[in-house]
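**Student:** Curious how this folds, go ahead:
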Amino acid sequence: MSAPDSKFEGATVVINHRVKHGREADYNAWLDRVGPVSRSAPGHLDLHVIRPVKGLTSTFTIVIRFDTADNLRNWMTSSARSKFIEEAHPLLLEGDTYTVRSGLDFWFNQPDSGAKVPVRWKQLLVTWSAIYPLGLLVSLAVIPLLRALGLPDSRVVNTLPVSGLVVVLMVYVVMPRYTKLVRRWLYA
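**Tutor:** I've put the predicted structure just below:
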């Protein structure tokens, strides 16, 4: 398992299990036993099960959140979970597959790299180097537009649309392209 930096707060695991046809009831009974044990693990925040659509898919997706990466790692490597996974193997088409996410890792996780995440200081530099110029440029474009619309010149009025536009551009435009551009350095 490639897990996030243990000092970073908050971590989520997304587990995918493809269940053999006709074994769904057994798998559901297995889930009913695993849930309470997972919930009793230190740092557990919540657990969600996304069940397959009958006739379309056989994949169960389990999302478990913990307060720290260390607590998540402890649960994922615990002997209790190992025993449960061993029990589940006869029910599964494939093995136990999962990815671990925390913080801004979703910007930096490459589809072809599994759960590999770059070191935090590189994430910080890439994020900052994208947000700083974007914040300046968006401010230069949006603030005059707000004045032209007759809105008052105040930090609250200026910051709301500027920060909203920066976030939208970061998530949908800048970071998907920027992380590809700096991929070699980021994952070196």
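**Student:** quick one, domains of the chain?
**Tutor:** Domains of the chain are assigned by automatic domain parsing as 9-103, 120-187.
**Student:** My guess is residue 76 contacts residue 13. True?
**Tutor:** Yes: the pair residue 76 / residue 13 is scored as a contact, 6.3 Å apart, by CB atoms under 8 Å. Bear in mind the C-beta positions are built from the backbone N, C-alpha and C, glycine included.
**Student:** what sits in contact with each of these two?
**Tutor:** Listed as contacting both residue 76 and residue 13 by CB atoms under 8 Å, 6 or more residues apart in numbering are 98, 100.
**Student:** Give me the phi and psi for residue 65.
**Tutor:** Backbone torsions of residue 65, given as degrees, to the nearest 10, read phi -110, psi 140.
**Student:** With residue 28 as the reference, measure out to it.
**Tutor:** With the distance defined as CB to CB, to the nearest Å, residue 65 ends up 21 Å from residue 28.
**Student:** Which of these two has more residues huddled nearby?
**Tutor:** residue 65 (17 against 14; other CB atoms under 10 Å).
**Student:** Isn't that one up against residue 39?
**Tutor:** No: assessed by CB under 8 Å, residue 65 is found out of contact with residue 39, at 11.2 Å.
**Student:** Spit out the residues that contact those two alike.
**Tutor:** residue 47.
**Student:** the strands in the protein, which residues?
**Tutor:** 9-18, 44-50, 59-68, 97-101 (DSSP state E).
**Student:** And for the third one, what's in contact with it?
**Tutor:** This points to strand 59-68. Contacts of strand 59-68 (CB under 8 Å, 6+ apart): 6, 8-19, 27, 31, 38, 41, 43-52, 72, 75.
**Student:** remind me, longest helix of this structure?
**Tutor:** Criterion DSSP state H: the longest helix present in the chain is helix 120-148.
**Student:** So which bits of it are buried?
**Tutor:** 120, 122-123, 126-127, 130-131, 134-135, 138-139, 142-143, 146 (16 or more other CB atoms under 10 Å).
**Student:** Tell me how far residue 129 lies from residue 137.
**Tutor:** Residue 129 is 13 Å from residue 137, by CB to CB.
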